[in-house]
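S.K.: Sequence unavailable; structure follows:
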């Protein structure tokens, strides 16, 4: 039986990788992929605590998160296509539309 | 027809309007139909009116007035003698024997010249323009002679002046022609100013401008014989006449007017317009009758002009210039007649002169046409067999103007000479001048005939090749006018030659109602034998003049050159027209030009300088004001903006719009929150807050 802390370490590490990816990578696709990493880090946490408390609530939440991630990927890719059509780029540092 | 008398001038006006507005694209045929047809219609109408006029009852006092409408209802004002007068100017027509003669001459001769022009101008550019102006001229001239008051007459007077200007300058691309047009216009303007002043003086003296009322007032006896104001009016009117009728000192424009097409010279500068002055003096006879001084001036100027112009005409070599000086000279005759109180003789000569001088001009046009444009008589000669119709008609006209019986000129000229010898204001000197002038006339006229048609041919080879008689439209008017020149004088058959077989003097008796009512000055006692003697003398003089011309230009052509060399001084002076143009240039034209230049300099320097100074000041004020706006007003506004910008700097730099920057802030915020709950930092935060 693997102790719960290990799961949390793995989740934390995965989360940290995801955050660094979101903050530092320029390609929006990779940023989206990094967000997937963050979501999956959360899922691992949910799994770990679900097992620790012997409750299925966490697993149900994980299912929701996966569904949510799928929807988000669809919307995100759509946004990227729209973005590329208008700006002809998918580099986040070249797009400052939030200013306005 | 009489009630529609205003149609006489309206027909040609219609023609002018059609030509000048729509004529440009019309074919020559269409132009002919309109512009010859309408003056023809006008002539027919005039004849109709004339016949009806003859049928008017005796009680109409031989005058027909047609009031059309009131033109200037000026209202009441005080005359110079203090009485109150109601002053109106009407547009109206007056037909009396005098205007009958004028209307018939103007429409008749005018129509013939229109017909002639269709042949003469056939190959010229601006055909429609020519006929438009010609019709406009007919309109103006008819207004002039049909007007019933001086102001309307003045309208026609100015109208004919304008048309004269337009037609002299018809070949406007030639500088000499446009200069001649301007000269005619400006010289006429001097006379017109005097005419206008005379008209104004009449307004304040009579309170009316109607011929009818002025004549009545003048004959009513309220003005004394020789009254100053009447004399002034008469002299002013006469100065107007000297401009229009080319008398000393304003005759200089007429010879230059020969730059225009020849039919124009015939119509305007021989037959009709230049006689307007004579018509006006005859029309004002009631005023002139009150002023012996003015009459003496008219007679003196007339006689002086007659001999002055005739002497210049003796040596001119341009066929049209000879005729031009002849016209000036003959107009002098007419004024001489008016000046000695023989208006009838003056008007009679006006009419016959219209026939034979129009014929001479048209004939010279035919010669020029045949000669492909050559006008110098020295380059002609021996043309009589080449263009026989032109030759014979011109010969008749030359005989008529020289006073060969029984041609028209004999009767009219002889009447003038006889009146200047025996008339109410006659003087032997006037007769002598007229008599000498008659001899000169015969000489220069037959000099023209001999140089052109007789002797040896000096025609250049090229012109010889194209030599041809003129087309039929040009010959028909020539022949018609020749007939009129031959028999037109019979209506003024002098009483002395009737042998008590018939009454004679139809013309004089027809015109008498116009002149009766003036104070009667008994003519000098003179015997009938004197009249026969003078008549014979003038005929002999004419024959002598012709035979001298024959000797000098046919028998011994070298004689004329010898004469010219022997009297080279006189010859030169005459050839250069007494240097009168040069004298006028030095005395008036250059002075006026200098004055004009001076005024222009004043305009440029002072007036324009002032205006420009104001403009410059405005501009400088603008520069200052714009500097103030730019640096002070705009500066304040910009300063506010700058301060705002400066203060917003911290807020602005974190607002980058980049997703990742915002993500950084979120992350940092989360880390700070987490750090707050991280034990080692708790103490630090507690210390901080």
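M.R.: Arrived safely. These numbers come from a predicted model, not from an experiment. Residues are numbered from 1 along each chain as shown, chains lettered A, B, ... in the order given.

S.K.: Contacts only, for whichever residue of the stretch 301-450 of chain B sits closest to chain A.
M.R.: In the stretch 301-450 of chain B, the residue found nearest to chain A is residue B:373; the distance is 83.2 Å by C-beta to the nearest C-beta. Using the backbone N, CA and C atoms, a C-beta is placed for each residue, glycine as well. Taking C-beta atoms under 8 Å, 6 or more residues apart in numbering or on different chains, we find residue B:373 in contact with no residue.

S.K.: Next, it: secondary structure please.
M.R.: Secondary structure assignment for residue B:373 (DSSP: H, G, I helix; E, B strand; the rest coil): coil.

S.K.: cool, and the one 10 residues further on?
M.R.: Each residue gets one of three states, and residue B:383 gets coil by three-state DSSP.

S.K.: any weak-confidence spans in chain A?
M.R.: Applying pLDDT under 70 to chain A flags no residue at all.

S.K.: mind listing the helices for it?
M.R.: Along chain A, the stretches classed as helices by DSSP state H are A:4-24, A:28-52, A:57-87.

S.K.: Next, the angle from the shortest one to helix A:28-52.
M.R.: Helix A:4-24 and helix A:28-52 meet at an angle of 160 degrees, taking axes from the mean of the first three to the mean of the last three C-alpha atoms, to 10 degrees as the criterion.

S.K.: Can you name the residues in contact with helix A:4-24?
M.R.: Taking C-beta under 8 Å, 6+ apart as the rule, helix A:4-24 contacts A:30-31, A:33-38, A:40-42, A:44-45, A:47-49, A:51-52, B:660, B:663-664, B:667.

S.K.: Okay, buried residues for that helix please.
M.R.: Residues A:7-8, A:11, A:14-15, A:18-19, A:21-22 are the ones in helix A:4-24 that count as buried (16 or more other C-beta atoms under 10 Å in any protein chain shown).

S.K.: And the furthest pair within the residues you listed?
M.R.: Using C-beta to C-beta, the buried residues of helix A:4-24 span at most 22.2 Å, a distance reached by A:7 and A:22.

S.K.: Show me what counts as buried in the helix or strand harbouring residue B:432.
M.R.: Assigned by DSSP states H and E, residue B:432 falls within helix B:428-453. The neighbour-count check on helix B:428-453 (16+ other C-beta under 10 Å) flags B:430-431, B:433-453 as buried.

S.K.: what's the answer for stretch B:309-322, then?
M.R.: Neighbour-count burial for stretch B:309-322, counted by 16+ other C-beta under 10 Å, picks out B:309-316, B:319-322.

S.K.: Validate this expectation: residue B:470 resides in a strand.
M.R.: No: Residue B:470 is assigned coil when assessed by three-state DSSP, not a strand.

S.K.: quick one, what contacts it?
M.R.: Residues in contact with residue B:470 (C-beta under 8 Å, 6+ apart) are B:119-120, B:366, B:369-370, B:387, B:389-390, B:478.

S.K.: Residue B:535 versus that one, what's the distance?
M.R.: For residue B:470, the distance to residue B:535 equals 36 Å [C-beta to C-beta, to the nearest Å].

S.K.: what's the answer for residue A:58, then?
M.R.: 157 Å.

S.K.: ok, those two, which is more surrounded?
M.R.: Between residue A:58 and residue B:535, counted using other C-beta atoms under 10 Å in any protein chain shown, residue B:535 has the larger neighbour count: 20 against 17.

S.K.: Quick check, the residue in chain B closest to chain A?
M.R.: Taking C-beta to the nearest C-beta as the measure, the point where chain B comes nearest chain A is residue B:657, at 3.0 Å.

S.K.: residues in contact with the residue nearest in space to the middle of chain B?
M.R.: The centroid of chain B falls nearest to residue B:161 when counting by C-alpha atoms, centre = their mean (2.5 Å). Neighbouring residues of residue B:161 by C-beta under 8 Å, 6+ apart: B:184-185, B:188-189, B:192, B:244, B:273.

S.K.: mind showing which ranges of chain B have poor pLDDT?
M.R.: B:61, B:523-526.

S.K.: Scan it for its longest strand.
M.R.: In terms of residue count, the longest strand belonging to chain B (DSSP state E) is strand B:64-78.

S.K.: and residue B:92, that's in a strand?
M.R.: Yes: judged by three-state DSSP, residue B:92 forms part of a strand.

S.K.: neighbours around it, how many?
M.R.: Neighbours of residue B:92 under the rule other C-beta under 10 Å: 22.

S.K.: Contact residues of chain A facing chain B?
M.R.: Residues of chain A that fall close to chain B, judged by C-beta under 8 Å from any C-beta of the partner chain: A:19, A:22-24, A:31, A:92-93, A:95-100.

S.K.: Give me the number of neighbouring residues for residue A:100.
M.R.: Neighbours around residue A:100, by other C-beta under 10 Å: 6.

S.K.: Same question for residue B:102.
M.R.: 27.

S.K.: how far does the helix or strand containing it sit from the chain's center?
M.R.: Using DSSP H and E, the element containing residue B:102 is helix B:97-120. Centroid separation for helix B:97-120 versus its chain: 16 Å, with C-alpha atoms, centre = their mean, to the nearest Å.

S.K.: Next: stretch B:504-520.
M.R.: On the basis of C-alpha atoms, centre = their mean, stretch B:504-520 sits 30 Å off its chain's mean C-alpha point.

S.K.: If we go by neighbour counts, what in that stretch is buried?
M.R.: B:504-505, B:507-508, B:510-511, B:514-515, B:517-518.

S.K.: Surely residue B:120 and residue B:261 touch.
M.R.: Yes: using C-beta atoms under 8 Å, residue B:120 makes contact with residue B:261 at a distance of 7.1 Å.

S.K.: And these two? Which one has more around it.
M.R.: More crowded of residue B:120 and residue B:261, by other C-beta under 10 Å: residue B:120, with 26 against 23.

S.K.: follow-up on the earlier one: how about TSV for the buried residues of stretch B:309-322, with secondary structure added?
M.R.: Putting those into TSV (three-state DSSP) gives the following:
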residue	secondary structure
B:309	helix
B:310	helix
B:311	helix
B:312	helix
B:313	helix
B:314	coil
B:315	coil
B:316	coil
B:319	helix
B:320	helix
B:321	helix
B:322	helix
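
S.K.: out of these, which one sits closest to residue B:140?
M.R.: Ranked by distance to residue B:140 (C-beta to C-beta), the buried residues of stretch B:309-322 are led by residue B:320 at 23.2 Å.

S.K.: Now do the contacts for the residue lying closest to the closest one once chain neighbours are set aside.
M.R.: In space, and not counting its chain neighbours, residue B:320 is closest to residue B:258: 4.2 Å by C-beta to C-beta, 6 or more residues apart in numbering or on different chains. Contacts here follow C-beta under 8 Å, 6+ apart; on that basis residue B:258 touches B:180, B:265, B:269, B:318, B:320-321, B:323-324.

S.K.: Please identify which pair of those lies farthest apart.
M.R.: Across the contacts of residue B:258 (C-beta to C-beta), the longest gap, 15.4 Å, separates B:180 and B:323.
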